[in-house]
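J.: Here is a sequence with its predicted model. Questions after.
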Protein chains: 4
Amino acid sequence: MNTPEISRASIGARRSPETEAAVLTATAELIREVGYAALTIEAVAKRARAGKATIYRWWPSKAHLLLSLYSASKQEVARPNTGSLRGDLIEYVGAMLARWRGDDGATATAPLLRLLIAEAQMDAGVQAALVDERTRRWHHIDRIVLQARQRGELNPALTPRRAEQKIIALLWYLLLNDQLPGPADTPALVDDILAGMLV
Amino acid sequence: MNTPEISRASIGARRSPETEAAVLTATAELIREVGYAALTIEAVAKRARAGKATIYRWWPSKAHLLLSLYSASKQEVARPNTGSLRGDLIEYVGAMLARWRGDDGATATAPLLRLLIAEAQMDAGVQAALVDERTRRWHHIDRIVLQARQRGELNPALTPRRAEQKIIALLWYLLLNDQLPGPADTPALVDDILAGMLV
Amino acid sequence: MNTPEISRASIGARRSPETEAAVLTATAELIREVGYAALTIEAVAKRARAGKATIYRWWPSKAHLLLSLYSASKQEVARPNTGSLRGDLIEYVGAMLARWRGDDGATATAPLLRLLIAEAQMDAGVQAALVDERTRRWHHIDRIVLQARQRGELNPALTPRRAEQKIIALLWYLLLNDQLPGPADTPALVDDILAGMLV
Amino acid sequence: MNTPEISRASIGARRSPETEAAVLTATAELIREVGYAALTIEAVAKRARAGKATIYRWWPSKAHLLLSLYSASKQEVARPNTGSLRGDLIEYVGAMLARWRGDDGATATAPLLRLLIAEAQMDAGVQAALVDERTRRWHHIDRIVLQARQRGELNPALTPRRAEQKIIALLWYLLLNDQLPGPADTPALVDDILAGMLV
DNA sequence: CATTAATCGAGACGGTACGTCATGTCTTCCG
DNA sequence: CGGAAGACATGACGTACCGTCTCGATTAATG
């Protein structure tokens, strides 16, 4: 799946979907091969047989390529509904980690997300785009936590927002430190998330 | 504290401390003015009235300048010993947040740490340096958690390591999302950290 | 006479004269505004509200636009017949300089000719086109010189060809060096052309 | 004399003469190979193994490369002093044509001069540089004409300036039209220049 | 005290990538 | 069905930094 030598034809005054796909494919390959820091628009253009101007037209920066790549790997996750917060979380966190790791054969999104979080620290625009993306993606966590609250499971001393943060914060921390657990560790991880620290 | 026009004299065969200070000052100023992404060794050299080669001799990369800057802002934090995990944490987390925010008049280290965490996602060397830095810095948390464990305060279902992670993870999450709490919020934050999610 | 906002309708399978005129007008305006070196087919197309492809279809290069412009400014000059070489030349050279300067209200062709001569030095095709153009245009000089020869006025040591060259060479030299004389100076100029250098 | 593979060592903070020579050599080669219109700073840099920035530092434009090339081919011409205007001119014009044609084994400067004159029509800066160059170069013609005037040879109806123009104008005309005479034709050419057109 | 060696500032160098621009070709769709 | 509109691949533009180098000055320790 290297340099695609097939020559894509221009389709004129409309955006070419083949070119878009070729650019994203080239980006993904190059990140895998040389890393994001060494990624170059010039190299993407050459690999994708696309003009640099075309890339700049649709993606204002390297980070936007990253975002496109990340968004493209989106997959719908089923709404968990097991009747308990623990069960819902095991299902949801397990599915999320599976996608991060790429268990289902799709591309692992963990490296992309790490890079996006990193870029967001340097570029407010990326930060905003990432928050936006996240908002839509966390819809499920909202539901899970609110359902638990309605069932009376949730510690009333915690706001739903803080509860969500506790869930995501630990996942981010493990992600950013390259310590993501394997598939079998999900229940233990969820139990740790749910547990209070004091006896 | 702008461009230091005073001409530092070379001291010959020894590394010049004035130059080192001038470089770090220039770096800090430029990050504040143009941001880290737009930071340039060339600009640092010019601002610090230093030769580019001199900078490259002592700091192999932009990230090392960042690390130097971060390390230079190190301050010893008193070992908390209040007799309870909650008390120790309030004291320690409060001190840490104060330093991050720069409450004591020193430079805020939060922006530096954010950038370092970001760099670490792209550069394994920085990751390692950051872990190393962190290990020494988290000595206190180790002690706090172990003391709590010895006092029988700590939930035995949690390993000390996981307990530490829960503490730091939430702080990082808030840091990376620009949601650091103010000084008055430390106790509530610690209570949230300590609290379990289930009723 | 700026950007013509009137939208010319396509007339189907015939070349549109309105488009041709709009293109040449736009070219002339742009050369005046930004200079020939900075002239761009893209800008001409936009200004003329023409498609780039249309321009490329009829004018293979910038130089051809120049040639079109120059040819379009052609005006018939009366055949001088005063009975003497000096009189004929004063009339003819005066008329030529007037057209170059644009005295009669028409566009000055001097700048166009300068650019064409310049282009001819870099592009053999333009050189050929320019020679062709010139051949037709110099018909009058031929006649003037040959008539003088028949009258016995012409120095027999000079071939008619060399005589023509002496006339045109000085005019070109003045043109290329931005030293074209004013209307009143024509007789003196012609006398200088006719005069021998030795006593 | 193709791509010079010998690696020139950087000499640091002083302008490198080897680089200058390599750039001019590469320019000359490329003009010969692809023509001036297709000449590219990028190609010169690659051929000369120089950085583009280095070229732009010393030569602001293609035209300046041309000027450097032309100036580098400068050779002192002996001051003719034969005692007559005709003799002096035959000697001087002969030497000039020889240099233009490259008779003495040096590079022919005719193509360079044609291009410079062309560039001068589009770029006032080049025009000025060329005039400046010419002023120094025409010192000899000044002397020749003034000596002739002092000897009483020069037609008093002609100013020295116009006399010079008549000489150079014909040479330029022949140059720009690719009609430069061969070595044997110099005396005849000079006689034509000197001759009056009227009987 | 003179010599030697390390280090400094300055900045030119060969490179690489940047982001922009124009080229000439192409497709779409309007009139 | 010609032409406007404009997206496309291409490739040069001129700029900015990179990291390396050479230079000459300055200074500290060595002999």
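T.: Sure thing, it's come through.
J.: Leaving out chain neighbours, which residue sits closest to A:Ala72?
T.: Nearest residue to A:Ala72, sequence neighbours excluded (C-beta to C-beta, 6 or more residues apart in numbering or on different chains): A:Leu24, at 6.2 Å. Heads up, the C-betas are built off the backbone N, CA and C, glycines and all.
J.: Does the one you found touch A:Leu66 like I think?
T.: No. With contact defined as C-beta atoms under 8 Å, A:Leu24 and A:Leu66 do not form a contacting pair (10.2 Å).
J.: Domains in chain A, by residue range?
T.: The record's domain split for chain A, according to automatic domain parsing, is A:17-59, A:77-194.
J.: Out of these, flag the one nearest D:Ile141.
T.: Ranking the domains of chain A by their distance to D:Ile141 (criterion: C-beta to C-beta) puts domain A:17-59 first, at 52.0 Å.
J.: What mean pLDDT does the closest one get?
T.: Average pLDDT, domain A:17-59: 95.
J.: so where does A:Arg99 fall, helix or strand?
T.: Using DSSP states H and E, A:Arg99 sits within helix A:85-101.
J.: Let me know whether the helix or strand following that helix sits next to chain B.
T.: Scanning forward in sequence from helix A:85-101 by DSSP H and E, the next helix or strand is helix A:110-122. Yes. Counting by C-beta under 8 Å from any C-beta of the partner chain, chain B has neighbours in helix A:110-122: A:114-115, A:117-122.
J.: Please list which of those residues also come close to DNA strand F.
T.: Filtering the residues of helix A:110-122 next to chain B for proximity to DNA strand F by C-beta under 7 Å from any atom of the strand leaves nothing.
J.: which of these has the weakest pLDDT?
T.: On pLDDT alone, A:Met122 ranks lowest of the residues of helix A:110-122 next to chain B, at 92.
J.: Name the nearest residue to it, sequence neighbours excluded.
T.: Skipping the residues right next to it in sequence, A:Met122 comes nearest to B:Ala37 by C-beta to C-beta, 6+ apart, at 4.5 Å.
J.: What is the neighbour count of that neighbour?
T.: 13 (other C-beta atoms under 10 Å in any protein chain shown).
J.: you'd agree it is up against A:Ala124?
T.: No. Counting by C-beta under 8 Å, B:Ala37 does not reach A:Ala124; the two are 10.8 Å apart.
J.: Helices of chain A, start to end?
T.: A:17-34, A:41-48, A:52-58, A:62-72, A:85-101, A:110-122, A:124-137, A:139-150, A:160-176, A:186-194 (DSSP state H).
J.: how much space between the closest residue to chain B within chain A and DNA strand E?
T.: As assessed by C-beta to the nearest C-beta, chain B sits closest to A:Gly196 within chain A, at 2.7 Å. Note on A:Gly196: its distance to DNA strand E, by C-beta to the nearest atom of the strand, to the nearest Å, is 48 Å.
J.: mind listing what that residue touches?
T.: Applying C-beta atoms under 8 Å, 6 or more residues apart in numbering or on different chains to A:Gly196 gives the contacts A:155, B:155, B:194-197.
J.: Please apply the same query to A:Leu198.
T.: B:85-86, B:153-155, B:194.
J.: does it have beta-bridge partners, and which?
T.: In this entry, A:Leu198 is beta-bridged to B:Leu154, by DSSP bridges.
J.: Go ahead and flag the most central residue of chain A.
T.: A:Leu113 (4.7 Å; C-alpha atoms, centre = their mean).
J.: Hmm, A:Ser73 and that one touching each other?
T.: No. The criterion here is C-beta under 8 Å, and A:Leu113 misses it with A:Ser73 at 9.7 Å.
J.: thinking again about what came up before, A:Leu24 and A:Leu66: which is more packed in?
T.: Shown here are A:Leu24 and A:Leu66; by other C-beta under 10 Å, A:Leu66 has more neighbours (26 against 18).
J.: Could you check how far that one is from chain C?
T.: Distance, A:Leu66 to chain C, using C-beta to the nearest C-beta, to the nearest Å: 32 Å.
J.: list the contacts for that residue?
T.: A:Leu66 neighbours (C-beta under 8 Å, 6+ apart): A:27, A:36, A:112, A:115-116, A:119.
J.: What is the nearest of these to chain D?
T.: The closest of these to chain D turns out to be A:Thr27 (C-beta to the nearest C-beta; 26.0 Å).
J.: Can you tell me how far the closest one is from A:Leu67?
T.: 11 Å (C-beta to C-beta, to the nearest Å).
J.: and those two? which has more neighbours close in?
T.: A side-by-side neighbour count of A:Thr27 and A:Leu67, using other C-beta under 10 Å, places A:Thr27 first with 24 against 21.
J.: so who does that one touch?
T.: A:Thr27 neighbours (C-beta under 8 Å, 6+ apart): A:39, A:44, A:48, A:65-66, A:68-69.
J.: Determine which two of those are furthest apart.
T.: A:Ala48 and A:Leu66 (15.4 Å).
J.: Of the contacts of A:Gly196, which one scores lowest on pLDDT?
T.: pLDDT across the contacts of A:Gly196 is at its lowest for B:Met197, which sits at 75.
J.: and A:Ala48, how far is that from A:Leu112?
T.: The spacing between A:Ala48 and A:Leu112, counted by C-beta to C-beta, is 18 Å.
J.: Then A:Pro17?
T.: Going from A:Pro17 to A:Leu112 by C-beta to C-beta gives 21 Å.
J.: Which one's more surrounded, these two?
T.: Neighbour totals were compared for A:Pro17 and A:Leu112, and A:Leu112 leads with 21 against 10 (other C-beta under 10 Å).
J.: Flag every buried residue along stretch A:167-184.
T.: Using 16 or more other C-beta atoms under 10 Å in any protein chain shown as the test for burial, stretch A:167-184 gives A:167-177, A:180.
J.: how long is it end to end?
T.: Using C-alpha to C-alpha, to the nearest Å, the end-to-end distance of stretch A:167-184 comes to 18 Å.
J.: swap in stretch A:96-114?
T.: Stretch A:96-114: ends 14 Å apart by C-alpha to C-alpha.
J.: Now do the buried residues in it.
T.: Neighbour-count burial for stretch A:96-114 [16+ other C-beta under 10 Å]: A:96-100, A:107, A:109-114.
J.: filter these down to the ones near chain C?
T.: Okay, of the buried residues of stretch A:96-114, nothing touches chain C (C-beta under 8 Å from any C-beta).
J.: Farthest pair within those?
T.: Farthest-apart pair in the buried residues of stretch A:96-114 is A:Ala98 and A:Arg114; separation 16.7 Å (C-beta to C-beta).
J.: A:Gln75 against A:Thr107, yeah?
T.: No. Using C-beta under 8 Å, A:Gln75 is not in contact with A:Thr107, being 10.7 Å away.
J.: quick revisit: what about the domains of chain A, which gets the closest to C:Asp132?
T.: domain A:17-59 (38.8 Å).
J.: and the closest one, anywhere near DNA strand E?
T.: Yes. Domain A:17-59 reaches DNA strand E (C-beta under 7 Å from any atom of the strand) through A:40-43, A:51-53, A:56.
J.: Is it possible to get JSON lines of the residues you listed that adds neighbour count?
T.: JSON lines is the format used below for the residues of domain A:17-59 next to DNA strand E (neighbours: other C-beta atoms under 10 Å in any protein chain shown):
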{"residue": "A:Thr40", "neighbour count": "12"}
{"residue": "A:Ile41", "neighbour count": "17"}
{"residue": "A:Glu42", "neighbour count": "10"}
{"residue": "A:Ala43", "neighbour count": "16"}
{"residue": "A:Gly51", "neighbour count": "11"}
{"residue": "A:Lys52", "neighbour count": "12"}
{"residue": "A:Ala53", "neighbour count": "8"}
{"residue": "A:Tyr56", "neighbour count": "13"}
